[in-house]
Every structure is written in C-alpha cells, then in structure tokens.
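Asks: Here's a sequence, model it:
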Amino acid sequence: PPFELAYRSLAAAMSDLAAMGAQPFFFTLALTLPETNSKWLELFSAGLKALADQYQFPLLGGDTTRGPLTISIQVHGLLDKPGLKRSGAQVGDILAVSGTLGDAGAALDLLSKNASTLSLGESYLLNRYYKPSPRIELGEALLSCAHSCIDISDGLLAEASHISERSSVRLDIDSSKLPLSQALIDFKGREKAQALALSAGDDYELLFSIEE
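Replies: Alright, predicted model coming up:
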C-alpha cells in the first residue's frame, strides 16, 4: 500500500542516521512513476509526512519522472562529534540490540493475507514490517558510550560480521539470548523464531557493542 510503502522507505533510510547517532536534518525524494495517480500520490505523501513529522524532518526537494516505479530517498543528518561506526568494537564488549528481531522476516509470509483475517499477533508482525522504527533517540544516546554500531537491515549475522571485520574482533552470539517477540514465537515456534532473528533482515534495529 502506498502509505506503508512511503513510511517504510523513509524509515529504512533514517535508520542509517540512527546507526551513526546523527540527528535528522532534511531529506530529498526522487520518484519515478509509470503514470499519474492522484490518489496513490496522496496516500504516499501522507505516509512520508506521518514519519517525517515525528522528527521535524522536512522534505526539501527532489525530482519526479515517468517510468517503472522507483523510490530514491537521500537523508541528511547532523553530528556535533564523530559519528558511530562499524569499527571500534573492543575485546570484552557486550553485543546488544535495540529491540526484538525476526518480526519483519516472519511478516513476509503474511503480505498477501487478507487484513480482516489476521490475528492480533500477525497484525503486530506486519506492522513491524511496514512501519519499522528508526532508533534515532537511542543512536544519539549511544554516541557517548557505544564503541561500534550498525543497523540491522540484512540480518543479525550479516551485520555482526561487518562489525567483526571492521573492528578485527571475534563476536560470540548466544542464540538463546536473542530478544524475540511473543507474536513471533506464537507464529513460528521458538526454533524457527531464533533462525529468523539470526538471518532475516528488515527489522532496522540497532546492533551495537558497549563496555560491560
């Protein structure tokens, strides 16, 4: 749906700002559409505005063209000190995440399901997919204490490997301690939920290392 598409697109881009501890400043949008559709554009614009207004994050410009649907969002943020990076993790650090993992990955099985037939737990999972929460406030707070940080767009294991490589440290992950939502456990069972938490992407939570 266009509202959710816009919201999700902006949230995913903002997550990169959160991973650096940056304060959102402004964004631009390049939008390619196969044809003019005023109702679609109205809903798409409302989705952008719903998230942008939460962070006083203005759209300052961009471009529109005709062609296959393409959405390109460029976000700009501000930092008053060096930003968080993938490098910097130290031996003895704790590896932490900002929220539950695997929810968005499980939601892929629900995208074609009729909304009226969804359980509360399934609706929660879909909402986690359509409306990820960019962890802006946490990223800013981590500037003063985290040694490394990255957002989880491609799955926990993939993102953890980036920190490991850039920081030249080994990371040990105990899958039994992964934060899982009850909705995910109910929908997939604990074993499959853990697998999704490790490998599924699109949760846009922050993965960071911090002194014990």
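
Asks: tell me what the lengthiest helix in the chain is packed against?
Replies: When the chain is parsed with DSSP state H, its longest helix is helix 2-20. Helix 2-20 is packed against strand 23-33, helix 38-52, strand 70-78, helix 120-130, helix 136-142, strand 146-151, with contacts defined by 3 or more C-beta pairs under 8 Å, 6 or more residues apart in numbering; DSSP states H and E. (C-beta placed from N, C-alpha, C; glycine too.)

Asks: Including mean pLDDT and mean neighbour count, could those go into a markdown table?
Replies: Formatted as a markdown table, the helices and strands packed on helix 2-20 follow (pLDDT from 0 to 100; neighbours: other C-beta atoms under 10 Å):
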| stretch | mean pLDDT | mean neighbour count |
| --- | --- | --- |
| strand 23-33 | 97 | 17 |
| helix 38-52 | 96 | 16 |
| strand 70-78 | 97 | 15 |
| helix 120-130 | 96 | 18 |
| helix 136-142 | 97 | 19 |
| strand 146-151 | 98 | 24 |
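
Asks: Tabulate those (CSV), appending distance to T64.
Replies: Listed next are the helices and strands packed on helix 2-20 as CSV, based on distance: least, C-beta to C-beta, whole Å:
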stretch, distance to T64
strand 23-33, 5
helix 38-52, 9
strand 70-78, 11
helix 120-130, 24
helix 136-142, 27
strand 146-151, 28
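
Asks: For the helix-or-strand element of the chain with minimal mean pLDDT, which outside residues touch it?
Replies: Using mean pLDDT, DSSP states H and E, strand 59-66 stands out as the lowest-scoring helix or strand of the chain, at a mean of 94. Identification of contacts with strand 59-66 by C-beta atoms under 8 Å, 6 or more residues apart in numbering yields 26-35, 48, 52.

Asks: Try it again at 6 Å.
Replies: Contact with strand 59-66 is made by 26-32, as judged by C-beta atoms under 6 Å, 6 or more residues apart in numbering.
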